[in-house]
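**Student:** Curious how this folds, go ahead:
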Amino acid sequence: MSRHALLPDQALELVARRFAVLAEPMRLRLLQALFAGEKNVTDLVAATDGTQANISRHLQTLTAAHILSRRKEGWQVFYRISDPTIPKLCELMCGSLEKQLAKQAGHFDRK
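**Tutor:** Numbers count the residues shown, from 1 in each chain. Sure, this is the predicted structure:
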């Protein structure tokens, strides 16, 4: 018996939408910048080398997907990762890619 239950189509649609939100390099950069903790928009622009308009658009998408949360303090808006599964997901994916790349590098070294 499989240890993972099969999801109904409706649930698979939700999962696909979540991955679609994460399938954008700038959004992944923003998440990486937020792994250390909450940051304001100015800090995120500096950390990702993006434009304020572009960063704001991606932050809005991540917030609408309930991946990030935001709070206002005066004129500043601060963002943080609100979904605790996101760092775990990134860690799993990065670890998997590291293993795959190491295996490929080993394959090329033997030739």
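
**Student:** For the protein, which segments are assigned as helices?
**Tutor:** 9-22, 25-34, 41-48, 52-64, 85-109 (DSSP state H).

**Student:** will you turn those helices into JSON lines that also has mean pLDDT?
**Tutor:** Listed next are these as JSON lines, based on pLDDT from 0 to 100:
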{"stretch": "helix 9-22", "mean pLDDT": "92"}
{"stretch": "helix 25-34", "mean pLDDT": "96"}
{"stretch": "helix 41-48", "mean pLDDT": "96"}
{"stretch": "helix 52-64", "mean pLDDT": "97"}
{"stretch": "helix 85-109", "mean pLDDT": "82"}
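
**Student:** how many neighbours does the residue lying closest to Gln32 once chain neighbours are set aside have?
**Tutor:** Counting by CB to CB, 6 or more residues apart in numbering, Gln32 lies nearest to Cys90, which is 7.7 Å off, once chain neighbours are set aside. (Glycine included, C-beta is placed from N, CA and C.) Cys90 has 16 neighbouring residues, counting by other CB atoms under 10 Å.

**Student:** Which residues are in contact with Cys90?
**Tutor:** 28, 31-32, 35 (CB atoms under 8 Å, 6 or more residues apart in numbering).

**Student:** which of those count as buried?
**Tutor:** Leu31 (16 or more other CB atoms under 10 Å).

**Student:** Out of the contacts of Cys90, the closest to Leu68 would be?
**Tutor:** Comparing those against Leu68 with CB to CB places Leu31 closest, at 8.2 Å.

**Student:** my read: the closest one touches Thr85, true?
**Tutor:** No - contact between Leu31 and Thr85 fails when scored by CB atoms under 8 Å: they sit 11.8 Å apart.

**Student:** Contacts only, for the residue nearest the centre of the chain.
**Tutor:** For the chain, the residue nearest the mean C-alpha position is Leu28 (4.2 Å; CA atoms, centre = their mean). Leu28 is in contact with 22, 90, counting by CB under 8 Å, 6+ apart.
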